[in-house]
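[1] sequence and predicted structure below; questions after.
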Amino acid sequence: MNNKGFTEIERDIKTSNDFGSTEKPLKSNRVDINVLKSKLQKEESREFKKNIYTLTFLISILAVLGIYLSL
């Protein structure tokens with residue numbers, strides 16, 4: 001079997017290894033874990049309320065439909 005397409009593949013990958021002094025050091029902005037937890041808790045609370053309203057709406061629609069069909 002003759003694979004001519006694979007015979008010309010370059011094996012050398014050229015990368016630049018010069019990490020010059022032009023790069024700035026990373027800034028270390030500290031984040032308080034309690035702030036993140038409170039934001040997450042607020043978001044989860046909003047989502048939970050939305051889910052409760054949706055569930056209540058669907059149950060009420062089902063109840064109305066059941067009453068209507070039983071008459």
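    Cool, got the structure. These figures come from a predicted structure and were not determined experimentally.
[2] use CA for all of it now, contacts and neighbours both
    Noted.
[3] pLDDT weak spots in the protein?
    Confidence mapping of the chain against pLDDT under 70 gives the ranges 1-26.
[4] in it, which spans are helices?
    33-70 (DSSP state H).
[5] mind listing what residue 70 touches?
    With contacts defined as CA atoms under 8 Å, 6 or more residues apart in numbering, residue 70 has no neighbours.
[6] nope, residue 59 is what I meant
    By CA under 8 Å, 6+ apart, no residues touch residue 59.
[7] distance check, it against residue 53.
    10 Å (CA to CA, to the nearest Å).
[8] again with residue 28
    Where residue 53 is concerned, residue 28 sits at a distance of 42 Å (CA to CA).
[9] ok, those two, which is more surrounded?
    When residue 28 and residue 53 are compared for neighbours, residue 53 comes out ahead with 12 against 6, by other CA atoms under 10 Å.
[10] distance of that one relative to residue 47?
    For residue 53, the distance to residue 47 - CA to CA - is 10 Å.
[11] with residue 69 instead?
    Distance from residue 69 to residue 47, by CA to CA: 33 Å.
[12] ditto for residue 34
    20 Å.
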